[in-house]
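A.B. asks: the following comprises the amino acid sequence and a computationally predicted model.
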Amino acid sequence: MIAVCLKWVDRRPDPARAIVVAEPDERFAGVSAADQAALEWALRQRDRVGGEVVALTVGPSAAEAILRDASAAGADRAIRIDLAFGAPSRTVATALAGVVGEASTIWCGDYSFDRGTGSVPAFLAHDLGVAQALGLVAVEFTDAGIVALRRLDGGRRERLSITRPAVLSVEGSTALLRRASLRNLLASPIIERVGAGGGHADALHPVEARPYRPRPRVLPAPAGATALDRVRSLTAAGSATAAHGETVTLEPAAAADRILAALVEWGYIP
Amino acid sequence: MRDAGALDPATLDADVIVVGAGPAGSCAAIVLARAGKRVVLIERGPFPGSKNMYGGVVYPRILDQLIPNWWLEAPVQRWVTRRSTMIMTDDKALTVDFRCEAWGKPPHNGATAFRPDFDAWLADKAVVAGARLICSTTVTGLLHNEAGAVSGVTTDRPDGDLTAAVVIACDGVNSFLAKQEGLYGEFDAANYTLGVKETLALPKETIDERFGVRGTDGVDIEIVGCTGGVNGGGFIYTNLDTIAVGLVLKLPKLAAQKQRPEELIATMKRHPAIAPLVEGAELKEYSAHLIPEAGISMLPTLSGNGMLLAGDAAALCLAAGIWLEGVNFAMASGMYAGEAVVEALRAQDVTVSGLAGYQRRLEATFVLKDHRKLKRAPELVLSDRVQHLYPEFVTSVAERMFRVDNPAPKPGVRRIIAQERKRVGIRRRDLAADGVAGLRSFG
Ligand SMILES: Cc1cc2nc3c(=O)[nH]c(=O)nc-3n(C[C@H](O)[C@H](O)[C@H](O)COP(=O)(O)OP(=O)(O)OC[C@H]3O[C@@H](n4cnc5c(N)ncnc54)[C@H](O)[C@@H]3O)c2cc1C
């Protein structure tokens, strides 16, 4: 079984939606480009190695629209796990894990259009106890299996040879979803409905709704004889930006201490 | 009678394909689905109404027949209780203002509504009745059977051909399906106007205050003389917390004058009669669309074997000066097309003669009756005299009537009219001829 997890979201770019959970307007609802890419990779995998693609969504009945679209695009089965819109990622992942345990590969978009934290695939891999490859920017099927390229900080890439079972989350740019045929669109797919199991529909209730503001960084007082020098040293203006970082070889515990020390030094944590 | 085999439901994907889920298409689909026909309603936008624009007022009286008490559920912004006609020159404006409180109460008259709301609501009625709505799918052509009759459509989807006994083209103005079938004569740009619109946001209370309305009461203002050298007209409609400000511009004149429509809107918004209404508003949206303006004189052949045209695809929009009604004509023609097809399918004859009930219905109702009655109106309203000379004439007469020139005594109205007519350069003969034409058109 090849599973693909799709999130039903409002596709209008509205930053307020990231903090206030509101059920999508059905006219503007759908899946993100990343979820579409995930579905396309699932279909390509099936076309290459066989098996059955199961499209899943966690949400209310209106979310079945995206499962009908997935079926029209070629998914073999469609399952909706019944849960109110806006359930926390943790709950969504647990609900999915209850259904996709048999899957050899679980495809997800790297983040959804609304909250976009990308945490569901990570929670899902954790719940299933399987490998995870998140934030993939390229995927390749080889005779040996799946090889993928993962985005790292600083423009770097990591090449992964994926051992299955695994949860893979892909960026939207990796694949364009095939266009569903008219015949498939006209067919009426069967949508299986399951309860959320232990999951509960506790929607997010933000205590305070306001835009995301990163925490201020605490920096040591700048050095310099004149105000201009001090501003320069604070902003690094006029000089090539020195890249953070160093490569060290340490035992895990010492490495963790070194990372913490570096983060304090650079002002990311007090 | 058409070959019965060609109408065998078992060999066809659907009984009827309706192209375009605008007001015409959805009303056709509602009628057909309620009659138990297998209907596929194909829309190129991601949802009905997503691609559609108009000025902003619908007159849904015709819906009484399809959706009783529609006003209880239709997604309306405001009920129009105030209609004004404004005649303006660069620095003057004369307004005839009409109010009717009863229009704010059921069964209402007209309402402002957003097309993505209204069209989606109407299409949903068709879906509830049993029609299959397929969105994000563009019909790219017509299929024909061996006899040459229309037998389905091709679409831009893989495996995208679909067969049916009848295709109803409700694909809007400039319908290429109608053209493909040869139902239109030569294309003439003079038959079309370009409609452009800005949607401007203002707080609801500000709109209420500036336009003199309360609650969900709204205003519809039609304007003559606000389009620079280009022949056309303008409009302002109030939504709940936005207003629609737009122009309708005659295409050949627009092209010849090399003026940009958005600049013409900007000029209108600066007019002293308009500026206080739009001051401080935030531009939310700019949109443009063609209007089949020439009325009955551009009417295409409305049916072919296995095919009907409805709504703007059939050029049934009524654009006659103070009336810019397209949605109600589209809904009615869609509805009558649906009824005619039900009749034709029952009689197993979807040839032109089997579908003749459509034209009969249009002729018997307001759809073609209004068009015939107002057939001279578009030409008259868009004529150079009405557009450029009469606004100056009428507003100057008003200015002189209201001007107090003491110690000079008040001049008589007849004298003012004669003097101003001469000054503006209107020949008595033309004035009389236009008066007669006006009476004939609107009388
Ligand atoms: C600026 C402006 C102001 C107007 N103001 C008013 C007003 O205030 N009141 C009023 O009553 N009327 C007004 N009208 C006229 C009114 O908008 C039209 O008469 C009316 O929308 C016609 O409805 P329709 O269903 O025939 O076509 P449309 O509303 O144009 O719908 C056609 C549908 O077909 C779809 N379509 C087109 N081609 C294809 C294809 N190949 N495949 C699949 N789908 C396709 C389109 O996406 C669309 O949904 C105005 C028009 C304009 C341009």
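C.D. replies: Cool, got the structure.
A.B. asks: wait, isn't B:V139 in contact with B:I42?
C.D. replies: Yes. Look at B:V139 against B:I42 with CB atoms under 8 Å: they come within range, at 5.6 Å. For the C-beta atoms, the positions are set from N, CA and C on the backbone; glycine is no exception.
A.B. asks: comparing these two, which shows the higher neighbour count?
C.D. replies: Neighbours were counted for B:V139 and for B:I42 using other CB atoms under 10 Å in any protein chain shown; B:I42 has more, 28 against 23.
A.B. asks: can you pull the contacts of the nearest residue to B:Y184 once chain neighbours are set aside?
C.D. replies: Nearest non-adjacent residue to B:Y184, counting by CB to CB, 6 or more residues apart in numbering or on different chains: B:P300, 4.5 Å away. Listed by CB atoms under 8 Å, 6 or more residues apart in numbering or on different chains, the contact partners of B:P300 are B:A178, B:L183, B:Y184, B:G185, B:L309, B:A314, B:A315.
A.B. asks: confirm that the third one lies within a strand, as I assumed.
C.D. replies: No. Secondary structure of B:Y184 (DSSP: H, G, I helix; E, B strand; the rest coil): coil, not part of a strand.
A.B. asks: which residue ranges of the stretch 101-250 of chain A form strands?
C.D. replies: A:105-109, A:131-142, A:145-151, A:157-162, A:166-170, A:191-195 (DSSP state E, counting those that start in this stretch).
A.B. asks: and the residue in the stretch 101-250 of chain A that chain B sits nearest to, its phi and psi?
C.D. replies: Ranked by CB to the nearest CB, the top residue of the stretch 101-250 of chain A for proximity to chain B is A:S181, at 3.9 Å. For A:S181, the backbone dihedrals are phi -80, psi 160 (criterion: degrees, to the nearest 10).
A.B. asks: for A:V9, same thing?
C.D. replies: Main-chain torsions, A:V9, degrees, to the nearest 10: phi -140, psi 160.
A.B. asks: and for it, the neighbour number?
C.D. replies: Per other CB under 10 Å, the neighbour tally for A:V9 reads 23.
A.B. asks: thinking again about what came up before, just the buried members of the contacts of B:P300?
C.D. replies: B:A178, B:L183, B:Y184, B:L309, B:A314, B:A315 (16 or more other CB atoms under 10 Å in any protein chain shown).
A.B. asks: how about a markdown table for those residues, with distance to A:D25 and pLDDT added?
C.D. replies: Converted to a markdown table, these look like this (distance: CB to CB, whole Å; pLDDT from 0 to 100):
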| residue | distance to A:D25 | pLDDT |
| --- | --- | --- |
| B:A178 | 33 | 97 |
| B:L183 | 37 | 97 |
| B:Y184 | 37 | 94 |
| B:L309 | 32 | 98 |
| B:A314 | 32 | 98 |
| B:A315 | 33 | 97 |
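A.B. asks: near the ligand too, which of those?
C.D. replies: Subset of those in contact with the ligand: empty, counting by CB under 6 Å from any ligand atom.
A.B. asks: looking at these, which is nearest A:A33?
C.D. replies: B:A178 (36.1 Å; CB to CB).
A.B. asks: looking at this, the closest one is in a helix?
C.D. replies: Yes. Using three-state DSSP, the assignment for B:A178 is a helix.
A.B. asks: for it, what are its contacts?
C.D. replies: Applying CB under 8 Å, 6+ apart to B:A178 gives the contacts B:A169, B:Y184, B:P300, B:L309, B:A313, B:A314.
A.B. asks: now for whichever strand or helix holds B:V167, which elements pack on it?
C.D. replies: Element membership of B:V167 [criterion: DSSP states H and E] is strand B:162-169. Counting contacts by 3 or more CB pairs under 8 Å, 6 or more residues apart in numbering or on different chains; DSSP states H and E, strand B:162-169 is packed against strand B:14-19, strand B:39-42, strand B:150-155, helix B:176-180, strand B:307-309, helix B:327-346.
A.B. asks: now do the helix or strand just after the longest one: everything it contacts.
C.D. replies: The element immediately downstream of helix B:327-346 (helix or strand, assigned by DSSP H and E) is helix B:357-364. Contact with helix B:357-364 is made by B:302-303, B:308, B:316, B:333, B:336-337, B:339-341, B:343-344, B:367-369, as judged by CB under 8 Å, 6+ apart.
A.B. asks: pull the most distant pair out of those residues.
C.D. replies: Pairwise over the contacts of helix B:357-364, using CB to CB, the maximum falls at B:A344 and B:K369, 23.0 Å.
A.B. asks: and chain B, what are its domains?
C.D. replies: B:4-73+B:114-185+B:300-373, B:189-291, B:383-442 (automatic domain parsing).
A.B. asks: quick one, what contacts B:K284?
C.D. replies: Contacts of B:K284 by CB under 8 Å, 6+ apart are B:T199, B:L200, B:A201, B:T242.
A.B. asks: out of those, who's the most crowded?
C.D. replies: B:T242 (23 neighbours).
A.B. asks: going along the chain, name the helices of the stretch 1-150 of chain A.
C.D. replies: A:33-49, A:64-73, A:89-100, A:119-128 (DSSP state H, counting those that start in this stretch).
A.B. asks: so after the lowest-mean-pLDDT helix or strand in chain A, what's the next helix or strand?
C.D. replies: Lowest on mean pLDDT, DSSP states H and E among the helices and strands of chain A sits helix A:227-235, with a mean of 84. Using DSSP H and E, the helix or strand that follows helix A:227-235 towards the C-terminus is helix A:252-265.
A.B. asks: which secondary structure elements does the least confident helix or strand of chain A contact?
C.D. replies: So helix A:227-235, by 3+ CB pairs under 8 Å, 6+ apart, packs with no helix or strand.
A.B. asks: neighbours of B:T11, how many?
C.D. replies: For B:T11, the neighbour count with other CB under 10 Å is 9.
A.B. asks: I'd like the distance between the residue of the stretch 101-250 of chain A closest to chain B and the ligand.
C.D. replies: Using CB to the nearest ligand atom, to the nearest Å, one gets 17 Å for the distance from A:S181 to the ligand.
A.B. asks: also B:A288?
C.D. replies: In terms of CB to the nearest ligand atom, B:A288 sits 7 Å off from the ligand.
A.B. asks: ok, now which ones touch that residue?
C.D. replies: B:M53, B:L194, B:G195, B:V196, B:K197, B:P261.
A.B. asks: could you do A:L250 as well?
C.D. replies: Residues in contact with A:L250 (CB under 8 Å, 6+ apart) are A:R258.
A.B. asks: for stretch B:106-118, which residues meet the burial criterion?
C.D. replies: Along stretch B:106-118, these residues count as buried under the neighbour rule (16+ other CB under 10 Å): B:H108, B:N109, B:G110, B:A111, B:T112, B:A113, B:F114, B:R115, B:P116, B:F118.
A.B. asks: between the helices of the stretch 1-150 of chain A, which one is closest to chain B.
C.D. replies: The nearest among the helices of the stretch 1-150 of chain A, by CB to the nearest CB, is helix A:64-73 at 9.3 Å.
A.B. asks: gap between that closest one and the chain center?
C.D. replies: Centre-to-centre, helix A:64-73 and its host chain are 20 Å apart (CA atoms, centre = their mean, to the nearest Å).
A.B. asks: helices and strands around it, which ones?
C.D. replies: For helix A:64-73, the packing partners by 3+ CB pairs under 8 Å, 6+ apart are strand A:2-6, strand A:29-30, helix A:33-49, strand A:53-59, strand A:77-82, helix A:182-186, strand A:191-195.
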